[in-house]
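Asks: any chance you could fold what I've pasted below:
(one chain, ligands or ions: 1)
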Amino acid sequence: MTAFPELPAGAAGFVDHIGIAVPDLDAALLLYRDLLGLELERTEEVPSEKVKVAMLKLDRAGAAGHVELLAPLSDDCNIARFIAKRGPGLHHLALAAANLELVVQRCRAAGLRVLDESPRGGAGGKRIVFLHPKDTAGVLLEICQ
Ligand code: CO
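Replies: The predicted structure is shown next:
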């Protein structure tokens with residue numbers, strides 16, 4: 001890729017990155033790079049922020065992502081409970097997998113809790129599973145196909 005992607009003037013149009021605070025970069029790389037298969041682009045120390053950063057590619061297949069806005073339709077649903085407890089905000093990160101079963105198998109083998117026994121139906125007719133946030137440094141991770 002040589003040129004910056006074309007966007008209408010004044011319009012935001014793609015996700016540049018999603019920032020996730022983690023206590024241990026190596027543990028986070030085990031999940032995102034080794035188990036989920038994202039490609040590590042680079043690591044970098046940013047002295048001004050006093051952080052070490054790992055940038056993982058989200059655009060492997062050249063596919064575009066989406067912002068998913070989730071509004072509760074009932075008081076008795078996960079999103080309603082989330083908002084009641086923590087207020088509105090970032091809820092989950094969804095990563096596409098070419099082979100959902102393989103990713104699930106790998107995560108289970110590594111001891112991560114997969115919240116769904118088998119993939120269930122999500123938005124857009126996709127098959128989805130969620131990983132337990134306690135095993136993912138606090139990020140509710142959706143894997144979809
Ligand atoms: Co989602």
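
Asks: which ones are touching the residue of the chain found nearest the ion?
Replies: Here the residue of the chain nearest the ion is A94; by C-beta to the ion that distance is 4.3 Å. For glycine as for every other residue, the C-beta is placed from the backbone atoms N, C-alpha and C. Applying C-beta atoms under 8 Å, 6 or more residues apart in numbering, we find A94 in contact with 68, 128, 141-144.

Asks: what's the answer for T43, then?
Replies: By C-beta under 8 Å, 6+ apart, T43 lies in contact with 25, 52-55.

Asks: following element in sequence after the helix or strand the residue of the chain closest to the ion falls within, please.
Replies: Under the assignment given by DSSP states H and E, the secondary-structure element containing A94 is strand 93-96. Sequence order places helix 100-109 as the next helix or strand after strand 93-96, per DSSP H and E.

Asks: so which bits of this protein are right by the ion?
Replies: Within reach of the ion by C-beta under 5 Å from the ion, the chain has these residues: 68, 94, 142.

Asks: now do the second one against E39, distance only.
Replies: It stands for A94. Taking C-beta to C-beta, to the nearest Å as the measure, A94 falls 18 Å from E39.

Asks: quick one: the spatially most central residue of the chain from V104, how far?
Replies: The C-alpha lying nearest the average C-alpha coordinate of the chain belongs to L93 (C-alpha atoms, centre = their mean; 3.0 Å). According to C-beta to C-beta, L93 stands 16 Å off from V104.

Asks: mind listing the helices for this structure?
Replies: Shown for the chain, the helices assigned by DSSP state H span residues 25-29, 78-86, 100-109.

Asks: deepest-packed of these, please.
Replies: Of the helices of the chain, the one with the most neighbours on average (mean count of other C-beta atoms under 10 Å) is helix 100-109, at a mean of 15.

Asks: from the chain's centroid, how far away is it?
Replies: Using C-alpha atoms, centre = their mean, to the nearest Å, the distance from the centre of helix 100-109 to the centre of the chain it belongs to is 16 Å.
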